[in-house]
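Visitor: generate a structure from the sequence data that follows.
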Amino acid sequence: MIRVLFPGSFDPFHNGHLEVVERARRLFDEVVVAVLNNPQKGEPLFSAREREQMVAECLGRYDNVEIVSMTTLVVEVARQVHADVIVKGLRAVTDFENELQMAQMNQQLSGVETLMLPTGSAYSFISSRLVREVARYGGDVSAFVPDPIAVRMKERFGA
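Guide: Presented below is the predicted three-dimensional model:
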């Protein structure tokens, strides 16, 4: 049985993230989605608890997906949840450069390998930052996020 970890800040969780989870759950026996706080990304729009709840609303229908929160190194979470592999989604070359460095560091720290899945072209332009920006200025983000997230974004921004 192979268990994988899909970590991210998911602020908010969007259709590109959903695609990675759906592909990973078809490739592996179990997927653990870890919601993290990334201090490099500044103050999050939603709290870690809110993000964990929203991700659970989007993925609750899958019996081989578990959602956790984390406030430590990704490799420590991988160890805690007994993940064999870390899965990351890639949208563009710029993602690859950053994810490659993290994958190499994680491998050196723990021996855990990282598998990078390129997102489908339909989702390659979607980022949490852009979704937040569109919603902040009253734009409709429903085409870019699962329904539970669209509802929360409307509540947050009154759009």
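
Visitor: low-confidence regions, the protein specifically.
Guide: 39, 159 (pLDDT under 70).

Visitor: for the closest residue to residue 11 other than its chain neighbours, phi and psi?
Guide: Excluding the flanking residues, the one nearest residue 11 by C-beta to C-beta, 6 or more residues apart in numbering is residue 44, at 4.6 Å. (Each C-beta comes from the backbone N, C-alpha and C, glycine too.) For residue 44, the backbone dihedrals are phi -70, psi 150 (criterion: degrees, to the nearest 10).

Visitor: number of nearby residues for residue 44?
Guide: Number of residues near residue 44 (other C-beta atoms under 10 Å) recorded here: 20.

Visitor: now do the same contact list for it.
Guide: 9, 11, 37, 51 (C-beta atoms under 8 Å, 6 or more residues apart in numbering).

Visitor: distance of the second one from residue 58?
Guide: Just to be clear, that refers to residue 11. Distance, residue 11 to residue 58, by C-beta to C-beta, to the nearest Å: 14 Å.

Visitor: swap in the first one?
Guide: With distances taken as C-beta to C-beta, residue 9 is found 15 Å from residue 58.
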